[in-house]
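Undergrad: Have a look; sequence and predicted model below, questions after that.
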Amino acid sequence: MRKLFFSELSSCKETKLHAATHSWLPLDKGKLSKFTAHSSSSSSSIESLMKMPEPAVLPHFKPADYVDILAQIHEELEYCPPDDKSCLYLLQFQVFRGLGETKLSRRSLQAAWEKASTIHEKLIFGAWLKYEKRGEQPISDLLGSCGKCSQEFKLLDFVSQISAESHGMISYDDESDEFQGSSVVHLRIRDDMIACDRRKLAALSTPLYAMLNGGFRESYLEVIDMSRNGISPIGASRMLVLLNELPECLNDEQVVRIFSSANKQQRSTMAGNASFSLYCLLSEVSMSISATSDVTISFLEKLVDSASDSRQKQLSLHQLACMRLLRKDHTEAERLFNAAFTAGHLYSVVGLARLASLRSNRHFSLKLLDSVMSSRWPLGWMYQERALYLDGDSKLENLNKATELDPTLTYPYMVRAASLMKRQSVEAALMEINRILGFKLVLECLELRFCCYLALEDYRAALCDVQAILTLAPDYRMIGGRVAAKQLRMLVMENVEQWTTADCWMQLYDRWSSVDDIGSLSVIYQMLESDAAKGVLYFRQSLLLLRLNCPEAAMRSLQLAREHAASQHERLVYEGWILYDTGHCEEGLQKAEASIAIQRSFEAFFLKAYALADSSLEPSTSATVVSLLEDALRCPSDRLRKGQALNNLGSVYVDCGKLDLAAECYINALKIGHTRAHQGLARVHFLRNNRTGAFEEMTKLIEKARSNASAYEKRSEYCDRDLTKADLQMVTKLDPLRVYPYRYRAAVLMDNHKEKDAISELTKAIAFKADLNLLHLRAAFHEHVGDISGALRDCRAALSVDPNHQEMLELHHRVNSQEP
């Protein structure tokens with residue numbers, strides 16, 4: 001067997017990884033060699049490959065009881081003065097960020113901007129929103145093409161938008177407040193002269209207002225010398241727009257110097273009372289650029305200095321500690337982690353435990369964690385962290401407990417799979433890693449499964465996973481970042497039979513029909529290398545990514561579909577979906593109609609029907625949607641899309657009570673391979689009082705579908721209590737993020753007067769998923785057993801998740817009236 005090396009080209013040199021180190025992927029005459037499971041070299045190379053990096057110490061605000069913190073914030077928002085609201089919404093943003101709830105965190109940021117009571121807050125949170133929405137400018141352009149101006153994407157004129165009546169701001173009434181001298185004031189900074197609007201400059205802070213309009217000598221000057229005030233020309237001239245140029249402005253050394261060297265007084269001049277918010281934003285941006293840079297450390301130090309209450313100190317100290325740890329500044333990191341922990345941030349114990357371990361004192365790491373776990377209800381991350389300092393069975397016991405308490409943690413699955421690989425139990429390792437990939441698409445887990453398939457010599461399956469990885473992250477690097485995924489794909493490609501375009505379409509039909517979304521993604525990736533119509537393929541890719549809960553990647557694919565559209569009418573359809581998926585339903589409809597005006601097509605009619613069904617509750621809408629879907633089905637398309645249209649048409653017929661027509665649609669959809677139509681047909685059986693037929697129909701879907709947690713959940717509605725219980729247990733095993741099973745089990749326990757167990761069942765899920773329905777039900781249970789404070793706490797936390805939920809608002813009002 002010849003030795004193989006992977007070669008990587010970079011701008012300066014070629015790196016070679018020789019077979020002596022990675023003999024699990026050698027080549028013989030252009031092929032991957034047969035993986036010898038019993039050879040010592042293979043065993044050692046797999047063991048080297050399977051080394052799992054420790055989970056990162058996350059630089060987030062992670063309260064031990066997020067429900068309690070959300071409830072506190074909600075209560076404070078009810079009673080606090082207007083000046084405090086933005087800071088509270090910023091804290092809420094940090095809580096949701098720590099929970100990984102992207103949509104909720106952005107909504108909190110939007111609320112912080114809306115409730116801003118000073119110009120500084122308005123500017124800071126507006127800039128933050130703009131930074132969060134970077135890359136979304138095409139959506140603004142599309143809205144403009146529909147005749148709608150989207151203020152959320154344009155550069156805001158913060159000063160002109162702030163109401164003169166806003167509490168805490170300086171008010172200017174032309175009749176009562178007269179500016180002294182010219183409306184333009186010039187600031188002289190050494191040899192530079194900068195012209196400023198006197199009114200807007202004065203509005204930035206009370207000191208500037210006093211200077212320009214308070215009867216001082218400077219109030220009458222048209223030129224004011226600021227050379228000795230520590231202000232640079234770039235700082236004075238661009239302060240209003242600097243934040244709106246993030247992250248690019250942080251490449252300017254002078255800009256960085258302004259923010260990083262500002263003392264307390266200068267920070268007050270720049271940001272008023274919003275210094276903490278300012279440095280929260282700057283730190284966030286700088287960490288995304290380079291977590292260990294001097295700039296990041298400087299901003300975080302200013303963040304610590306700006307913290308004014310315990311929760312702000314917990315966040316700032318912990319974030320700075322995390323960055324110090326990454327820089328291997330262990331002494332300072334320990335001091336900061338300890339300060340954050342002492343201030344009440346329990347998660348900071350993770351940093352302290354890591355540092356103790358680095359000093360070869362694993363016993364002290366365990367002691368730290370045990371002291372925390374003994375003082376409260378333990379969480380999954382505590383057992384995960386504890387496992388790092390144990391070996392053998394004790395390690396696995398802690399990892400299993402971590403998964404039991406928080407099944408969303410990735411690290412335990414990977415360690416268990418790697419351990420099984422080392423013991424040559426490759427099939428068992430594959431089953432373990434499939435547990436998490438069944439409900440959470442994680443690149444590192446796909447990479448690990450790729451290695452499992454190599455060990456099994458299943459190169460087609462290995463190719464599938466590496467192509468799925470490249471779909472999600474085109475520049476992804478594997479084996480600890482040493483090899484580009486694209487290179488490994490090329491090596492594996494040489495060991496599988498090449499598919500023609502016709503083969504690819506057949507494979508796509510098979511995988512789509514078997515609800516194998518990852519497999520479908522892989523086939524589309526391969527098809528995109530051919531001369532096939534790329535717009536259509538990128539569109540299909542976006543649909544799969546949405547099903548896999550990857551909204552950002554799905555939007556990226558939709559944008560690519562738009563760029564590669566073969567015609568104007570096709571491009572309009574993709575633009576319509578972009579608008580619809582970003583909440584602009586009416587504009588999406590406009591694009592569909594514009595496309596139909598050019599050429600009648602399946603996708604244009606389908607989009608119009610889909611958007612119309614979602615935007616209108618009028619009974620007459622159903623007839624229009626039916627007509628549009630029938631028009632779509634008359635247009636040329638492939639079986640994949642026609643099956644979806646038939647399925648949607650069946651759903652409309654069911655809602656209209658036309659069960660025979662619905663059944664016909666579902667049967668026709670099944671004939672062309674749309675497997676999900678079994679679920680619609682089951683519903684028809686059920687509405688005809690044929691529960692057995694409904695159960696059997698869902699069983700067929702379970703047998704065919706690669707991803708079938710939702711099918712088990714739906715089948716549970718068509719069987720007796722014992723079978724329902726078994727099906728819902730299977731749902732939780734396959735996808736622990738689905739909340740209905742927890743709610744059902746809790747309701748059954750409540751019916752059996754096991755109130756404590758019912759609440760415990762909900763608490764188990766709430767610990768790792770901030771879900772409105774779970775919190776709502778637990779609040780109702782707390783009220784039922786007379787725990788008014790517990791009910792009120794859950795109501796407030798639930799309203800943090802959805803402030804406008806009507807049933808939740810009613811329960812909150814009722815419970816709040818009962819509080820002593």
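TA: Structure received. On a predicted model such as this, the values are computed, not experimentally measured, just so you know.

Undergrad: For S105, give its distance to R97.
TA: Here the distance between S105 and R97 works out to 5 Å (C-beta to C-beta, to the nearest Å). For every residue, glycine as well, the C-beta is placed using N, CA and C.

Undergrad: so L143 sits right up against H584, yeah?
TA: Yes: assessed by C-beta atoms under 8 Å, L143 is found in contact with H584 at 6.4 Å.

Undergrad: between the two, which one's more packed in?
TA: Between L143 and H584, H584 has the larger neighbour count (other C-beta atoms under 10 Å), namely 21 against 18.

Undergrad: Please determine how far the more buried one is located from S145.
TA: On the measure of C-beta to C-beta, H584 and S145 end up 12 Å apart.

Undergrad: Please apply the same query to Q568.
TA: Taking C-beta to C-beta, one finds Q568 at 12 Å from S145.

Undergrad: Let me know how buried V815 is, in neighbour terms.
TA: Neighbours of V815 using other C-beta under 10 Å come to 22.

Undergrad: Secondary structure element holding it?
TA: Assessed by DSSP states H and E, V815 sits inside helix 806-818.

Undergrad: got the buried residues for that helix?
TA: Neighbour-count burial for helix 806-818, with 16 or more other C-beta atoms under 10 Å as criterion, is recorded at 808, 811-812, 815.

Undergrad: that older thread, more neighbours, Q568 and S145?
TA: More neighbours surround S145 than the other of Q568 and S145, with 15 against 11 (other C-beta under 10 Å).

Undergrad: ok, that one - contacts?
TA: S145 is in contact with E575, counting by C-beta atoms under 8 Å, 6 or more residues apart in numbering.

Undergrad: State the pLDDT value of it.
TA: Note on S145: pLDDT of 77.

Undergrad: likewise the one 10 residues further on?
TA: pLDDT, the model's per-residue confidence, is 41 for L155.

Undergrad: burial of H60, as a residue count?
TA: Residues near H60, counting by other C-beta under 10 Å, number 17.

Undergrad: tell me the SS of it?
TA: Here H60 is recorded as coil under DSSP: H, G, I helix; E, B strand; the rest coil.

Undergrad: What is the burial count for the closest residue in space to it that isn't next to it in sequence?
TA: Sequence neighbours aside, G98 is the residue nearest to H60 in space, at 3.7 Å (criterion: C-beta to C-beta, 6 or more residues apart in numbering). By other C-beta under 10 Å, the residues close to G98 number 19.

Undergrad: what sits against G98?
TA: Taking C-beta under 8 Å, 6+ apart, we find G98 in contact with 58, 60-63, 66.

Undergrad: Most neighbours of all these, which one?
TA: That'd be F61 among the contacts of G98, by other C-beta under 10 Å, with 25 neighbours.

Undergrad: ok, that one to W381 distance?
TA: According to C-beta to C-beta, F61 and W381 sit 14 Å apart.

Undergrad: cool, I702 as well?
TA: Distance of I702 to W381, given as C-beta to C-beta: 33 Å.

Undergrad: Of the two, give the one with the bigger neighbour count.
TA: Using other C-beta under 10 Å as the criterion, I702 and W381 rank with W381 on top: 20 against 17.

Undergrad: Hmm, that one is touching L399, no?
TA: No: using C-beta under 8 Å, W381 is not in contact with L399; the gap is 11.8 Å.

Undergrad: how many other residues sit next to S425?
TA: 14.

Undergrad: Over to it: give its phi and psi.
TA: phi -90, psi 70 (degrees, to the nearest 10).

Undergrad: Could I get the pLDDT score of the closest residue to N549 other than its chain neighbours?
TA: Distances taken as C-beta to C-beta, 6+ apart place L441 nearest to N549, at 7.1 Å, with adjacent residues excluded. With respect to pLDDT, L441 scores 94.

Undergrad: and L441, what does it touch?
TA: L441 neighbours (C-beta under 8 Å, 6+ apart): 472, 518, 548-550.

Undergrad: on that earlier part again, ok, so of the buried residues of helix 806-818, who is nearest K591?
TA: Set against K591, the nearest of the buried residues of helix 806-818 by C-beta to C-beta is M808 (35.1 Å).

Undergrad: Wait, that closest one touches L799, no?
TA: Yes: checked against C-beta under 8 Å, the pair M808 and L799 is within contact range at 5.7 Å.

Undergrad: If you rank every helix and strand of the protein by mean pLDDT, what lands last?
TA: The weakest-scoring helix or strand in the chain, judged by mean pLDDT, DSSP states H and E, is strand 5-9 (a mean of 29).

Undergrad: List the buried residues of stretch 95-108.
TA: Within stretch 95-108, the residues that count as buried by 16+ other C-beta under 10 Å are 95-99, 101, 104-108.

Undergrad: which residues in the stretch 451-600 of the chain form strands?
TA: Counting by DSSP state E, counting those that start in this stretch, the stretch 451-600 of the chain has these strands, from start to end: 477-478, 483-484.

Undergrad: what helices or strands is the last one leaning on?
TA: Packing partners of strand 483-484 (3 or more C-beta pairs under 8 Å, 6 or more residues apart in numbering; DSSP states H and E): strand 5-9, strand 477-478.

Undergrad: Name the strands paired with that strand and say parallel or antiparallel.
TA: According to DSSP bridges, strand 483-484 forms sheet pairs with strand 477-478 (antiparallel).

Undergrad: Run a quick neighbour tally on Y459.
TA: Neighbours of Y459 (other C-beta under 10 Å): 20.

Undergrad: quick one on the thing from earlier: need the strands of the stretch 451-600 of the chain in a markdown table (columns: mean pLDDT).
TA: Shown next, in a markdown table, are the strands of the stretch 451-600 of the chain (pLDDT from 0 to 100):
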| stretch | mean pLDDT |
| --- | --- |
| strand 477-478 | 93 |
| strand 483-484 | 94 |
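
Undergrad: Low-confidence stretches in the stretch 551-700 of the chain?
TA: Counting by pLDDT under 70, the low-confidence segments of the stretch 551-700 of the chain come to 617.

Undergrad: How confident was the prediction at S530?
TA: Predicted confidence (pLDDT) for S530: 83.

Undergrad: Please determine how far the nearest residue in space to it that is not next to it in sequence is located from K486.
TA: Once flanking residues are discounted, S530 sits nearest to T501: 5.7 Å by C-beta to C-beta, 6+ apart. The spacing between T501 and K486, counted by C-beta to C-beta, is 22 Å.

Undergrad: Please, which helix or strand holds Q266?
TA: helix 264-271.

Undergrad: contacting residues around the closest residue to S716 other than its chain neighbours?
TA: Closest residue to S716 apart from its sequence neighbours, by C-beta to C-beta, 6+ apart: D727 at 3.9 Å. With contact set as C-beta under 8 Å, 6+ apart, D727 has these partners: 712-713, 715-716, 719.

Undergrad: what do you get if the cut-off is 10 Å, keeping everything else the same?
TA: Residues in contact with D727 (C-beta atoms under 10 Å, 6 or more residues apart in numbering) are 695, 698, 702, 711-719, 741.

Undergrad: so what's the nearest residue to C464 once chain neighbours are set aside scoring on pLDDT?
TA: Nearest residue to C464 in three dimensions, chain neighbours excluded: S522, at 4.1 Å (C-beta to C-beta, 6+ apart). You'll see S522 listed with a pLDDT of 96.

Undergrad: repeat for A767
TA: 96.

Undergrad: and it, what are its phi and psi?
TA: phi -60, psi -30.
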